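S.K.: sharing a model prediction with you, sequence too.
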Amino acid sequence: MATYVEALETDRRLLWNLCYRMTGSAADADDLVQETFVRAIEKPPRRTNEPLRPWLVRVAMNLSRDLLRRRKRRHYLGPWLPSPVPTDEESPASYEPPAPRLDSPAARYDLKESISFAFLVALEALTPSQRAVLLLRDVFDYSTGETAGALDLTEANVKVTLLRARRKMKEYDRNPGSLDATHQEATRRALEQFLLYLGTRDAEGIERLLAEDVISISDGGPDVNAARMPVRGRDKVLRLILGLAAKVLVEPRFTIQMLNGLPSISIEDLRSSATAATRYTVQVDVDDAGRIRRLYAVLAPRKLSAVRFTS
């Protein structure tokens, strides 16, 4: 049994990365990997002479699809955003995208890009099966046959499903997220300027930092107050930011850390009321001019299980 458990552990990182990209939730990915291991121990595959990994991937992907179907049937209060995960060098290994074993010119998106907020948000437009097929084929570089085996589909179904998934990703493909060093540095500069202007209540500075078509999306879930609809346009987003800043009685603690491949802000405001978030993250997407075009605020407590805060 010890040898079998060790064999399971060698695939934990791969399974976590699959489940996180499938669900966009670190907590759900933890639960799904654990459930996959429980099934492997209690009801292991019958053919013990075959590699274990394909069986584990099939179980994890089926569990992930089931979870997504249940989530889509439930009403979610306000916009839904992924849960942020740390991606710096000191992060737990399970939260880091694994390096590809081989160069994969067939892969449409690289593993690093696929952990970005922009990519995970785009995946929400897909059905569970479309999401699974696209991730296996276009991110993890599975063949059509391997994908069909992992998802209990025919190869013809895989091809049709992938075509439909790629069509839904066209808007993202026109302006894909970038996690290269240049974009990381531009994002860090934008965040540092944002915090400087916010601290001095410099409305003109914040306005210059926002793109004209900026969109602010907040996910508070059912537990804390948050904007229940995306806020669009520079003027409206500026009013939102200044309005929230005016309500702050004690300056929160701000930390810039690497989340989902880009510098992000983690905020602690431990004096907030019972209905306001005491901990949350702010992630941004900047355009070529360094202006903020997307602002994502994750306030739902369950979504912050992987983020390290200072207290």
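M.R.: Looks like it came in fine. Numbering: from 1, shown residues only.
S.K.: make it CA atoms for all contacts and neighbour counts henceforth
M.R.: Will do.
S.K.: next, work out how far apart residue 215 and residue 232 are.
M.R.: From residue 215 over to residue 232 the distance is 5 Å, taken as CA to CA, to the nearest Å.
S.K.: same check, this time on residue 266
M.R.: Distance of residue 266 to residue 232, computed by CA to CA: 23 Å.
S.K.: residue 215 and residue 232: which is more packed in?
M.R.: Taking neighbours as other CA atoms under 10 Å, residue 215 and residue 232 compare with residue 215 leading, 21 against 17.
S.K.: how about that one, secondary structure?
M.R.: When classified by DSSP: H, G, I helix; E, B strand; the rest coil, residue 215 comes out as strand.
S.K.: is it in a bridge, and if so with what?
M.R.: Under the criterion DSSP bridges, residue 215 forms beta bridges with residue 232, residue 294.
S.K.: enumerate every residue touching it.
M.R.: Each residue near residue 215 by CA atoms under 8 Å, 6 or more residues apart in numbering is listed here: 230-234, 237, 293-295.
S.K.: ok, which stretches of the stretch 151-300 of the chain are helices?
M.R.: Along the stretch 151-300 of the chain, counting by DSSP state H, counting those that start in this stretch, helices occupy 155-168, 170-174, 181-199, 203-209, 234-246.
S.K.: dump these into a markdown table; add mean neighbour count, distance to residue 300 and mean pLDDT as well.
M.R.: A markdown table is the format used below for these (neighbours: other CA atoms under 10 Å; distance: least, CA to CA, whole Å; pLDDT from 0 to 100):
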| stretch | mean neighbour count | distance to residue 300 | mean pLDDT |
| --- | --- | --- | --- |
| helix 155-168 | 17 | 27 | 97 |
| helix 170-174 | 12 | 25 | 92 |
| helix 181-199 | 17 | 21 | 95 |
| helix 203-209 | 17 | 25 | 96 |
| helix 234-246 | 15 | 17 | 92 |
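S.K.: with distance to residue 66 added, can I get these in a markdown table?
M.R.: Below are the helices of the stretch 151-300 of the chain laid out as a markdown table (distance: least, CA to CA, whole Å):
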| stretch | distance to residue 66 |
| --- | --- |
| helix 155-168 | 17 |
| helix 170-174 | 25 |
| helix 181-199 | 35 |
| helix 203-209 | 41 |
| helix 234-246 | 36 |
